[in-house]
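Peer 1: No sequence on hand, only this structure:
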């Protein structure tokens, strides 16, 4: 199943347009990238870059750091062995 990464339009205007573009253009990622008028995180929206990855809030101090965190979350969620004990 494709991962879903959601962005707030106000946050995109301020911080995350480059992150959306990078996710959409990355041939190694199988994600749906959507932008909404509001995601209900209004306090976060004006403080720093953020996105929802499969419904989970992911934040970072910069757009570049957010892209890295999103990719890490997607990688962890795609790992079929993540829930097995070591």
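Peer 2: That came through, no problem. Since this is a predicted model, take the numbers as computed values, not measurements. Numbers count the residues shown, from 1 in each chain.
Peer 1: rest of the way, CA atoms for contacts and neighbours
Peer 2: Noted.
Peer 1: Within the helices and strands, which one has residue 51?
Peer 2: If you go by DSSP states H and E, residue 51 is part of strand 50-53.
Peer 1: which element follows that strand toward the C-terminus?
Peer 2: Sequence-wise, the next helix or strand downstream of strand 50-53 (DSSP H and E) is strand 56-59.
Peer 1: Residues in contact with the helix or strand bottoming out on mean pLDDT in the chain: which ones?
Peer 2: Least confident element among the helices and strands of the chain, by mean pLDDT, DSSP states H and E: helix 42-45 (a mean of 78). Helix 42-45 is touched from outside by 8, 10, 11, 50, with contacts defined as CA atoms under 8 Å, 6 or more residues apart in numbering.
Peer 1: quick one: residue 8 from residue 57, how far?
Peer 2: 12 Å (CA to CA, to the nearest Å).
Peer 1: for residue 38, same thing?
Peer 2: As judged by CA to CA, residue 38 and residue 57 stand 14 Å apart.
Peer 1: now residue 35
Peer 2: Distance, residue 35 to residue 57, using CA to CA: 14 Å.
Peer 1: more neighbours, these two?
Peer 2: Neighbours of residue 35 and residue 57, each counted by other CA atoms under 10 Å, are more numerous for residue 35; the result is 17 against 13.
Peer 1: Run a quick neighbour tally on the residue lying closest to that one once chain neighbours are set aside.
Peer 2: Distance criterion CA to CA, 6 or more residues apart in numbering; nearest residue to residue 35, sequence neighbours excluded, is residue 7 at 4.7 Å. For residue 7, the neighbour count with other CA under 10 Å is 24.
Peer 1: what's the answer for residue 16, then?
Peer 2: By other CA under 10 Å, 24 other residues sit near residue 16.
Peer 1: which SS class is it?
Peer 2: helix (DSSP: H, G, I helix; E, B strand; the rest coil).
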